[in-house]
Each structure stands twice: as C-alpha cells, then as structure tokens.
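S.K.: kindly generate the corresponding structure for this input.
(chains A, B, C and D)
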Protein chains: 2
Amino acid sequence: MLHVPPIHSQSYVGALRPYHSHSLTAEASSALEQVGTDLQKPAKSVVFRQGESADFIYFVQSGALRLDYQIEDGRNLVLDFLWPDRFFGIMETEVYAWSAVTLVDVHLKRFRRNAMLALAQDYPSISTLLLQQKTASLMAAKNHIILMSYPTATSKLIGFLLAYSKQQDYFDPIAQVLTLIMSRKDIADYLGMTFETTSRIFRYLETENYIKKINHRQIQLNIKKLESA
Amino acid sequence: MLHVPPIHSQSYVGALRPYHSHSLTAEASSALEQVGTDLQKPAKSVVFRQGESADFIYFVQSGALRLDYQIEDGRNLVLDFLWPDRFFGIMETEVYAWSAVTLVDVHLKRFRRNAMLALAQDYPSISTLLLQQKTASLMAAKNHIILMSYPTATSKLIGFLLAYSKQQDYFDPIAQVLTLIMSRKDIADYLGMTFETTSRIFRYLETENYIKKINHRQIQLNIKKLESA
DNA sequence: CGAGTATTTGAGCAGCATCAATAAGAGTGG
DNA sequence: CCACTCTTATTGATGCTGCTCAAATACTCG
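M.R.: Model prediction:
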C-alpha cells in the first residue's frame, strides 16, 4: 500500500502542517496503487526532460533528485532538490517545464497523469494529496527564494547546509557528518553563484571552524555555530 | 454560472474579474458563492500579516498586491506581486507565512478557509480550482527564482520589466508606457538588490535608450530592444 | 506651503565573477 | 592493482559589479 506521510518542513517560512493531518483513505490508496508502477533509476540518469510531454507523475520512494531548468543563455539553474516522500512532475501544462535528474540510485513510483487526475475526481483524498504536494513544492520554492535573497554567498551556503542537514538519509546527527550527494556546481546553480565561489566559501567555513571537510563529499558540521552565524 | 479563466489566460483591462471558471460546476459555483464575501481595501493597506491565523482565502477581483516576507535580520523580501484572477492566502499551516499588502485600491473576494476546504471535499471542481491556483503560485515562484538567478542587476530588472509589461492594467501597448505601482524599494526587495542599484539601472537603461522615464512612476519601454538585450 | 517620504546621484570599497592553472578523485581497462 | 584518462574541486590573480554611506533632489499629502 502506498503510504504518504504528512508534509514535513525544512523551511525558513515556517513549519508546514497539513490542514487535516491525513493520508489517503484505504480505497483511494488501493485505487492509486493500481495505476502506479515501480521504477528504479541509477544515479545521474534523466527521469524526464524539460519540454517532453508530461505524461507521468512521480513519487520518490527512496533516493534524491534535482530539478534542472535550462536557460536560453546556456546556464543551468537548479530549481529544487527532491527527497523521499515527494511527488514531482505534477504539471498543468502539456510538457514538463524543467528536467528531473537523479543524484543517486532512486526508487520511484510512476503514475499516468490522466489516470491519476481521473481518480482525483472520485477520491477527494487524492485531490487533497495533490494539493498538499503542490504546497510542498511551493514552500520549497519560497525557501529557495529566501535563500537566494541572502546578501552574501556565505549566508546562502550556510542556509543551504542547514536546510540540507534536515535530510536524515544524508546527515548523521551523532557524528554531525553531512554527505553531499550533489556537486559544487549543483549547489552553485541552486544558490545563484559560481562553483569557484562555492568552493572558496567551503574553505572559508573550514578556516573559521564552521565545518570540517572529511573529503570532498563528507563534511562535518558545527550546527550550533552555523545556526548562530 | 460560474466562470474562472484557466490559469494561463490573459486578463482583460479594467473590468472586475469573477472567480467563476470553466473548471467549476454550477453547483460548486453557487456553493462557493454562499461562503464568499466582497471586500474592498484602499491602497497600501494590509490584508493579512505574517504570523496571523490563516482563517481566510482571498481572490483578487481588481487591483494589485504584494506578498512580503519579513526576515529575522530585519530585511523585507517581496515574494510575489499579485494581479487579478489570483487566489492567495491558501495556507496549509495555521498561520500566514507572509503578509499581503495592497499596492493600489483593490476589490477582493474573501472565503472562510474552513468552509472552502469543506466544500472541496464535496465538489471535485473546487479541488481542481485550488490545485490550479497553487500551480499559478508555483509557476510565479519558479519565474521569480529564474529572475533572481540572472547574473547582473541589469538583466534582472529587464526581466522584471518585461514580465510586468504583460499586465494589461498597467501597460499601455500603444504608447508603450508602463505604470509602476510599486516603489523602487519593492522592486529591489523582489529582485534581491538595493533600491539604489534599482535606481541606477533605470538611469543606465535610459541612457542606452531601453526606456524613457516620463516621471518616477511612468516609464516608456522599448520592448523590442529590451527583449533582445 | 511645509514636512515627510521616495528617488536620484556620488565616492569608495568589498565581494564575487572571470580566467587560468593545479590538485584530487573517480572510472576504466590492461 | 596500477596506470591512464576524465571529471570534479581547489586555489590564485585581477577587474568589475553592486553595496554602503552620504547628500541632494523630487515628489506626496495634509
């Protein structure tokens, strides 16, 4: 059975509590189950591309992805990072407005959009689910905007690290070690800076004892110090 | 019969926008009508404040507003500008995560959140409407992120002017004159820069004949030149 | 008309981008 | 397992953009 936990927040905007604390009814859940198929993708593979026909809606069962928006000037913008329990690809348009790329091996559930939207007409709890998931996307976008509005690259990166450290799959709260599954460039493209700046700020944070690099992808965080910065 | 335009439709000039839509059935429409009340607000008034109990959902019938997010460090961030045909204040949390402030005199429709969400359980078309409106908010946020990612203040401001000039209430396509209903500071707080920079870029755009200032709030745009920049 | 607010403009400096060169790590095949 | 290649990350030097602080001007509203 497909169990969708209530949205939890990694947010600066505020904790996100569902209006009705709820998951799907048993009937809605099994109806959804019948139109969904399991799907596995290796790391660094494309789930869908910007501009492709938006025929499917996806759900992250495990792993992580990033959403890329290709700008006309050639730059790539990372719009969001997706973690387990998130739906994505819920478009109102014919085509996907951005691409979805896996960062690690992922386990997805895939639904035909037509089928899912038809079910939403019959099962109010599916409509509510879709609305909650859209809300989750919107809150993530608002948090992203807030991060990008920070006046310095240092505060942006600190904000990013603190938000990221809420992801229990990649942060060990005992050892305080964060496993970076995305590249310096991905982080830079998310925060609106160059990857050289990202790298330099990591260096600066280490000299000031905010973090300690174990290797390129493993970083020990001094959470308290980062939070008070 | 209720008629709400699809989210990508263009607004028509001057008239009051009904929230009635193709997506709402007659029953859903009249049910909604019974829980909605008309509301007028003068320019520069607060519709709701960040942190207040999120009891109402609003619909813009005419006018324009901005959504403000107050950051702990004292800065104010403009998250979005709202135009006619947009719902706002659809929260999943107990309280509003940002404030809504009118830029000009506005005509709103106000719905009790409890009532509206209860109706959504009975009328699938109301759920669809809410989902569409969330999508509109999300697309606006994504466009905002794209704007903020532009590498220079000049390109951000050009992007803002071009997007804003799609608002037929405030852009005269014959004279090519855009009426700015928000301050330099509002624009700066939306784009993530200082208002001095906003002012300087306006000056620069005028020297390069991208725009011509009629006065502080009326600006003639050379759309073609701006688009090719 | 006067007081308060919004906007413009100036000077100097800090932070980030750019261009460039190394270094570290990951992947592959012998 | 090592040698080779390719990718990712780091570090350096330099210049420009946009921020800060400051002052003057324009506009708004009672």
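
S.K.: going forward, measure contacts between C-alpha atoms and count neighbours the same way
M.R.: Noted.

S.K.: for the helix ranked longest in chain A, what does the pLDDT average out to?
M.R.: Longest helix in chain A by number of residues (criterion: DSSP state H): helix A:124-149. Mean per-residue pLDDT for helix A:124-149: 95.

S.K.: now do that helix: which elements does it pack against?
M.R.: Helices and strands touching helix A:124-149, by 3 or more Cα pairs under 8 Å, 6 or more residues apart in numbering or on different chains; DSSP states H and E, are strand A:76-82, helix A:113-122, helix A:153-164, helix A:184-191, strand B:76-82, helix B:113-122, helix B:124-149.

S.K.: can you rerun that using 6 Å?
M.R.: Identification of packing neighbours for helix A:124-149 by 3 or more Cα pairs under 6 Å, 6 or more residues apart in numbering or on different chains; DSSP states H and E yields helix B:124-149.

S.K.: could you check the angle helix A:113-122 makes with the helix it packs on?
M.R.: Using axes from the mean of the first three to the mean of the last three Cα atoms, to 10 degrees, the inter-axis angle of helix B:124-149 relative to helix A:113-122 is 130 degrees.

S.K.: domain map for chain A?
M.R.: A:26-148, A:150-227 (automatic domain parsing).

S.K.: mind listing the residues bridging to the residue nearest the centre of chain A?
M.R.: With distances taken as Cα atoms, centre = their mean, the residue of chain A nearest its centroid is A:L82 (2.1 Å). Under DSSP bridges, the beta-bridge partners of A:L82 are A:L65.

S.K.: the domains of chain A into TSV, with extra columns for distance to B:V46?
M.R.: TSV is the format used below for these (distance: least, Cα to Cα, whole Å):
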stretch	distance to B:V46
domain A:26-148	20
domain A:150-227	25
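
S.K.: out of the ones you listed, the one nearest DNA strand D is which?
M.R.: Among the domains of chain A, the nearest to DNA strand D by Cα to the nearest atom of the strand is domain A:150-227 (3.5 Å).

S.K.: starting at the chain centroid, how far to the closest one?
M.R.: Put simply, domain A:150-227 sits 16 Å off its chain's centre (Cα atoms, centre = their mean, to the nearest Å).

S.K.: cool, and stretch A:139-148?
M.R.: Centroid displacement of stretch A:139-148 relative to its chain, using Cα atoms, centre = their mean, is 12 Å.

S.K.: now it: buried residues?
M.R.: Neighbour-count burial for stretch A:139-148, counted by 16 or more other Cα atoms under 10 Å in any protein chain shown, picks out A:M139, A:A140, A:A141, A:K142, A:N143, A:H144, A:I145, A:I146, A:L147, A:M148.

S.K.: quick check, nearest of the residues you listed to B:E196?
M.R.: Lowest distance from B:E196 to the buried residues of stretch A:139-148 (Cα to Cα) belongs to A:M148, with 19.2 Å.

S.K.: so what pLDDT did the nearest residue in space to that closest one that is not next to it in sequence get?
M.R.: Spatially, and ignoring its direct neighbours in sequence, A:M148 is nearest to A:L191 (5.7 Å; Cα to Cα, 6 or more residues apart in numbering or on different chains). pLDDT for A:L191: 98.

S.K.: which SSE is A:H107 in?
M.R.: A:H107 belongs to strand A:106-112 when assigned by DSSP states H and E.

S.K.: tell me the strands beside that strand, with direction?
M.R.: Counting by DSSP bridges, strand A:106-112 is paired with strand A:36-41 (antiparallel), strand A:56-62 (antiparallel).

S.K.: what average pLDDT does the shortest one get?
M.R.: Model confidence over strand A:36-41 averages 95 on the pLDDT scale.

S.K.: nearest to DNA strand C, out of the domains of chain A?
M.R.: Among the domains of chain A, domain A:150-227 comes nearest to DNA strand C, with 3.2 Å by Cα to the nearest atom of the strand.

S.K.: just give the number of residues close to A:G74.
M.R.: When counting by other Cα atoms under 10 Å in any protein chain shown, one arrives at 7 neighbours for A:G74.

S.K.: confirm that it sits in a helix.
M.R.: No: the assignment for A:G74, made by DSSP: H, G, I helix; E, B strand; the rest coil, is coil rather than a helix.

S.K.: now do it, the pLDDT please.
M.R.: Listed pLDDT for A:G74 reads 91.

S.K.: contact partners for it?
M.R.: The contact partners of A:G74, by Cα atoms under 6 Å, 6 or more residues apart in numbering or on different chains, come to none.

S.K.: against B:E227, how distant is it?
M.R.: A:G74 sits at a distance of 17 Å from B:E227 (criterion: Cα to Cα, to the nearest Å).

S.K.: how deep is the closest residue to A:T102 other than its chain neighbours tucked in, by neighbour count?
M.R.: Once flanking residues are discounted, A:T102 sits nearest to A:L65: 4.2 Å by Cα to Cα, 6+ apart. Each residue near A:L65 was counted by other Cα under 10 Å, and the total is 26.

S.K.: could you do A:A120 as well?
M.R.: By other Cα under 10 Å, 21 other residues sit near A:A120.

S.K.: could you do A:Q176 as well?
M.R.: Neighbour tally, A:Q176, other Cα under 10 Å: 15.

S.K.: wait, it sits on A:I219?
M.R.: No: judged on Cα atoms under 6 Å, A:Q176 makes no contact with A:I219 at a distance of 8.3 Å.

S.K.: could you list every residue that touches A:V47?
M.R.: Contact analysis of A:V47 by Cα under 6 Å, 6+ apart lists A:A100, A:V101.

S.K.: now do the SS call for it.
M.R.: Note that with three-state DSSP, the state of A:V47 is strand.
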